[in-house]
Each structure stands twice: as structure tokens, then as C-alpha cells.
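Q: sequence isn't available, so here's the structure alone:
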């Protein structure tokens, strides 16, 4: 019985180690993000559409809808830079006027990739299943940082 428990524990730890193995910073290792995702945040409905990796990048659009009207949009990219990845985005009002200046982007450098997570500084993508993911975004407001969770399902 002790031998069986030890074998099961070893298998359990091995499976966990494989699940959390660090992967190279390559777009093909995060291709699971691609697709059309729907969720709720900020009191409204969200939609985020990610392309498949191509030409050294992935691109996305984001939209927040409150009370049947668009509150804001984002354009996002994840691109390969100097043997790593960076996520960059720009915000736009419902009239497509930019929040950031013309040459300014909000940048999230890559920290690590595992089989179930892509961790950028300030934003994390977590694969729950092939049809569900969570995105955690650190939002600074008046000097304090709040982490907002977006739970998405793929259509």
C-alpha cells in the first residue's frame, strides 16, 4: 500500500511539473490564445478576438459594451522582440479617438510562459480549457493597483 501511494504521489508531482514547465518565448507556444472570446467585466460585456501567429506577431481587438453601447476599444499585439515577446496595446474611445498619444503604446514585457500561462508584467493569460481562459490585468488608479479578472469563453 505504501509503495502504491508513493507511486501515485510521484505520478502526481511529475504531471504537475510537466504542466508548469517553462516554455520558450515563441508565438507557437501561446497560439492557444487565438480565437473569438466573450466575457463580462467593468459592468458590461467584453469581446476579444485574437489572430493566429503569423509574420512574428499576433493581433487582437477588444471591445467593452455597456447598456448596448461601446464604451471603448483596444488594439493589441504580441510580437517577437530580441528573443522574447512583448504585448503592446492602444485604447480608443467609442468614437475611435485614441487615449494614448500618437507614438505611445502601453507595453507589457514577457516574464514567462508555461503550458497553461503566459505571464507579462501587468497582464497574465491563463488557459483553463480549450474553450475557457482568464486574463488578469493590473490596473493602476490613483497610485494603487487593482488586478481585474476577465473570464472568457471561446465561441
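A: Received the coordinates, thanks. The shown structure was predicted, so the numbers you read here are calculated from the model rather than taken from an experiment.
Q: low-scoring stretches of this protein, by residue?
A: Low-confidence segments of the chain, defined by pLDDT under 70: 1-19.
Q: which neighbouring elements make contact with the one helix or strand residue 87 maps to?
A: Take DSSP states H and E as the rule and residue 87 turns out to sit in strand 84-93. Secondary-structure packing of strand 84-93 (3 or more C-beta pairs under 8 Å, 6 or more residues apart in numbering; DSSP states H and E): strand 69-81, strand 106-113, strand 117-120. Heads up, the C-betas are built off the backbone N, CA and C, glycines and all.
Q: most centrally placed residue in the protein?
A: residue 125 (3.2 Å; C-alpha atoms, centre = their mean).
Q: what sits against that one?
A: 30, 33, 117-118, 133-135 (C-beta atoms under 8 Å, 6 or more residues apart in numbering).
Q: do the same with residue 43
A: residue 66.
Q: from now on call the first residue 26
A: Sure, I'll start counting at 26 from here, so that last one is residue 68.
Q: now the strands for this protein?
A: Under the criterion DSSP state E, strands of the chain are mapped to 60-66, 69-75, 82-91, 94-106, 109-118, 131-138, 142-145, 148-154, 157-166, 169-179.
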